[in-house]
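Participant: from the sequence below, what's the structure:
(chains A and B)
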Amino acid sequence: MRSRASVTGEPRAPLCGMGVCFECRPEGGSRTCLAPGPWLPPPAQAEVVVVGAGPAGLAAAETAARLGAAVVILDENAAPGGQIWRGPSPEAAGLLDLARRAGARWFGGCTVFDADPEGRLWVTDVSGMQSTRIGFERLVLATGARERFLPFPGWTLPGVVGAGGLQALVKGGAGVEEQRVVVAGSGPLLLAVGAFLAEQGAEVACVCEQAPLGRLGRFISASPNLALGAARLRLALGSSPYRFGTWVAEACGRDRLESVVVTDGRRRWRERCDWLACGYGLVPNLELARLLGCKTKGDAVVTDSDLQTTIPGVFAAGEALGIGGVECALVEGSMAGSAAAGKAPSRELRERREGLRRASVRMADAFALRPEVLSLASPETILCRCEDVRIEQVEHARSYREAKLLTRLGMGPCQGRICGIASQTLFGWTPDRVRPPLIPVSVRCLGEEEE
Amino acid sequence: MGRTSVDVRVYGAGIVGAACAYFLARAGAEVEVVDSGAPGGGATGAGMGHLVVVEDSPERLTLTSRSLALWRDLLSWIECEALPCGTLWLAENEAEFAHCRAMGDRLADAEVQAELLDERALREAEPALRPGLPGALRVPADWSIYAPKAAARLLETPGIRLRRGDAREWRAEANEPPSVFALGDRTPDLFPDLPIRPRRGHLAIADRRPGLVFHQLVELGYLSRAHASDEASISFNVQPRASGQVLIGSTRDYAGFDSATSRATLAEMCRLAARWVPALADFPIVRAWAGFRPDTADHHPFIGRHASGAWIAAGHEGLGITLAPVTGHLIADLVLGREPIVDPSPYRLDREPTHA
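Facilitator: A predicted model of the protein is given here:
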């Protein structure tokens, strides 16, 4: 894995594996975690544009196209499937195939960097060096989610990656065979990642779930469907321990991760490892929705019962409405696709959605973060990886804006996607206004707007 | 809450308010600074941080050159990413180059160092500029700084206390300490008779790639667009940052207080930058934003006493960061009854607004 030197000269390597952290740009070029390729720019106009080709976006595109709308579906990645179906995925291929047969057109390697509510999106390729504009009549935001990273001593060492991040990196070609991995953080993803890594030949030292057993036990016993899936994953994890109520307090190593300190709040012990795959659940990608002016509440886009946002003609589905999982994303994608094609979503879909959303609230409660994981960072721990801003530089700031102004927190190429969420979680700060460009694009691309 | 010990209250913790507080505190006053938001969170944080001598009027030349001298002292102890980059005023044709020469003469009269660069010297100084430019005037003593940090450091001066509060709390009562209002474009909220308008400006910042440009590069046409016209305008104005980033400006228009960026304006600003520095076209822009210059009818600041008894320091248009120290010094002089550092009459609040 290539590493880069941070702005203060520390070694850094990729964290997120999915285009968010910008740690994989060794010379400030394009993100190497996103596969480059020949760029096929999307058309200048489409009736319905779907942004995001995960389960929600694919379901939306398929439904809208089947109902007769002219659909264009865009995704930052070269292949469809989003994060959950990353890599060769029969589910993604199947859904995309259905959508295409209904007339939808697919464009990979397309990142939206600007948008206006009058119906225009500006799109760039993976390099940020080419761009084009696409007009829409209706828009479906299926922008998915990213991992929540919380700072702790050593979290910037190469070898410390997201949980989903390591899965993405392995699917992108990083080898973990016979390497020792600690999986940590929170959420159902941990077990899935542990099982995946075990299947890939990694030695999974342990999976550390910060939520206590009691809380998770009550949740699982009230959710028989989930219990079955969890049991299957647990089996795939083999003899590796899955520990509740434990978390990683520190990552150690000179220029690269060598071990982690694990704790259950009473005892601390060391686990030698080559990788720490650590993520504290998921957070919706709301940048595009917020840029368009869609109302958000907490970490979710606000919609009506047809999944139309507060901006007419703009719909949202899946994780953008709050973390709900694949099944919920598929249902909401169908609903939003239907509404975007002019047909009110069926009662059956609405009812299924309500049940799934209720379950997702219970899941969020079960995996709520314990206070200990919010206070792992020491004063010297880096909070903003792009600008190497340390906790001690911002802990007296009264707002995200104040911290930004004084330290350049959140002002690097990832534009606060990592530290903004972390500081919201740690300090309760509200995020700053979203402005274009949503990701770095070249001066040429920004200049390409004709009068 | 210790209010009795306040000698002077300053409303507004931008760079101008911070400088007023600093010069008052340095004279021994106990100063309370009141702001409802983050220090430097207004125009101070949105601007370029270009410390620049401007000579397009005698008043502006006096004010900016005196302020630069004060800045030089401050920068000897204030850490604010200061870069002694100097300014290159770029001519696009022979007529402008002649203007550069005249400008250099006027600066020399005011004992501001400046040197004329011909085509070849310009190529050597800034190889990334497009070829064929006739020349430029180099003003080596100008700087780029990161102004919010400078404001924060000034506010740490002993004798200054920062309090979160709203300027609208102020009442013109005799038992209150003298109050200085450095509210920038928000001045008319309290003093509707002071016509200060928000003049929007766009900026974009490119990722760290040091070594492209070495001076603040400004096209000569900038001055007439900024100070002799109210038309919407875009000028080539690019700044190397101490961080290795490149800051790209600059635009002027009146758009109320809507700080959303305009797609078309940003686009034109980027095209213009790439026309002057072709290699910039491939630079990744990491952020773009818009902010507001507090603008008066004649584009000169209001520095002086209001009929209500309040002291006003506002309306510096695009020169607030450059002019903060001289403004702070002058306000301290006026409030404390000292000999003023510069003649305050051009900045009186009740002057007849004449177009510059």
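Participant: is chain B within reach of stretch A:133-151?
Facilitator: No - with C-beta under 8 Å from any C-beta of the partner chain as the criterion, chain B is not reached by stretch A:133-151; the gap is at least 9.6 Å. Any C-beta I mention is one placed from the backbone N, CA and C, and that applies to glycine too.
Participant: can you show me the helices along the chain?
Facilitator: Picked chain A for this. Under the criterion DSSP state H, helices of chain A are mapped to A:55-66, A:90-101, A:163-171, A:189-199, A:213-221, A:224-236, A:287-292, A:326-340, A:347-366, A:391-394, A:400-407, A:419-427, A:443-446.
Participant: if you could check chain B rather than the one you did, that'd help
Facilitator: Using DSSP H, the helices assigned to chain B run over residues B:15-26, B:43-46, B:58-74, B:94-109, B:119-125, B:147-155, B:187-190, B:221-227, B:263-276, B:320-336.
Participant: any chance of these in CSV, plus distance to residue A:112 and mean pLDDT?
Facilitator: Rendered in CSV, the data for the helices of chain B read as follows (distance: least, C-beta to C-beta, whole Å; pLDDT from 0 to 100):
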stretch, distance to residue A:112, mean pLDDT
helix B:15-26, 36, 98
helix B:43-46, 25, 96
helix B:58-74, 42, 97
helix B:94-109, 41, 96
helix B:119-125, 40, 97
helix B:147-155, 30, 97
helix B:187-190, 37, 96
helix B:221-227, 33, 89
helix B:263-276, 13, 97
helix B:320-336, 35, 98
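Participant: deepest in the core, which of the ones you listed is it.
Facilitator: Across the helices of chain B, the average number of neighbours (mean count of other C-beta atoms under 10 Å in any protein chain shown) peaks for helix B:15-26, which reaches a mean of 29.
Participant: could you list the low-pLDDT ranges of chain A?
Facilitator: Low-confidence segments of chain A, defined by pLDDT under 70, span residues A:1-2, A:26-28, A:450-451.
Participant: max-length strand in it?
Facilitator: Across chain A, the strand with the greatest residue count (assigned by DSSP state E) is strand A:131-141.
Participant: surely residue A:30 touches residue A:128?
Facilitator: Yes - under the contact definition of C-beta atoms under 8 Å, residue A:30 touches residue A:128, with a separation of 6.2 Å.
Participant: what does chain A put close to chain B?
Facilitator: Applying the criterion C-beta under 8 Å from any C-beta, the portion of chain A that neighbours chain B consists of A:7, A:28, A:114, A:116, A:122, A:128-129, A:397-399, A:401-402, A:405-406, A:408, A:411-413, A:415, A:433, A:435-437, A:440-444, A:446-449, A:451.
Participant: got the contact list for residue A:345?
Facilitator: Under the criterion of C-beta atoms under 8 Å, 6 or more residues apart in numbering or on different chains, the contact list for residue A:345 reads A:306, A:307, A:334, A:335, A:336, A:338, A:339.
Participant: show the buried residues in those residues.
Facilitator: With neighbours counted by 16 or more other C-beta atoms under 10 Å in any protein chain shown, those contain buried members at A:307, A:334, A:335, A:336, A:338, A:339.
Participant: quick one: name the residues of the stretch 201-350 of chain B near chain A.
Facilitator: Within the stretch 201-350 of chain B, the positions adjacent to chain A are B:204, B:206-209, B:243, B:248, B:259-261, B:263-264, B:266-268, B:270-271, B:273-274, B:280-289 by C-beta under 8 Å from any C-beta.
Participant: could you see whether chain A lies near stretch B:25-36?
Facilitator: No - among the residues of stretch B:25-36, none lie within reach of chain A under C-beta under 8 Å from any C-beta; the closest is 10.5 Å away.
Participant: how far off centre is that stretch?
Facilitator: Shown here is stretch B:25-36, whose average C-alpha point lies 21 Å from the average C-alpha point of the whole chain (C-alpha atoms, centre = their mean, to the nearest Å).
Participant: how is chain A divided into domains?
Facilitator: Chain A resolves into domains spanning A:45-146+A:283-365, A:147-281 when parsed by automatic domain parsing.
Participant: just give the nearest non-adjacent residue to residue A:47, would you?
Facilitator: The shortest distance from residue A:47 to any residue other than its chain neighbours is 4.1 Å, reached at residue A:70 (C-beta to C-beta, 6 or more residues apart in numbering or on different chains).
Participant: residue A:30 and residue A:128 - which one has more neighbours?
Facilitator: Comparing residue A:30 with residue A:128 by other C-beta atoms under 10 Å in any protein chain shown, the one with more neighbours is residue A:128, at 25 against 20.
Participant: quick check: chain neighbours aside, which residue is closest to the more buried one?
Facilitator: Using C-beta to C-beta, 6+ apart, the nearest residue to residue A:128 is residue A:441, at 4.4 Å.
Participant: ok, so what distance separates the one you found from residue B:262?
Facilitator: Using C-beta to C-beta, to the nearest Å, one obtains 16 Å as the distance from residue A:441 to residue B:262.
Participant: now the terminal residues of stretch A:411-418, how far apart.
Facilitator: This stretch, stretch A:411-418, spans 11 Å end to end (C-alpha to C-alpha, to the nearest Å).
Participant: what lies in contact with it?
Facilitator: So stretch A:411-418 is contacted by A:7, A:15-16, A:20-22, A:25, A:28, A:146, A:149, A:287, A:384-387, A:404, A:409-410, A:431-432, A:438-440, B:207, B:284, B:286-287 (C-beta under 8 Å, 6+ apart).
Participant: burial count for the one residue in the stretch 251-400 of chain A that gets nearest to chain B?
Facilitator: Across the stretch 251-400 of chain A, the shortest distance to chain B (C-beta to the nearest C-beta) belongs to residue A:399, at 6.0 Å. Burial of residue A:399, expressed as a neighbour count using other C-beta under 10 Å, amounts to 16.
Participant: residues contacting it?
Facilitator: Residue A:399 touches A:429, A:430, B:37, B:38, counting by C-beta under 8 Å, 6+ apart.
Participant: good, wrapping up.
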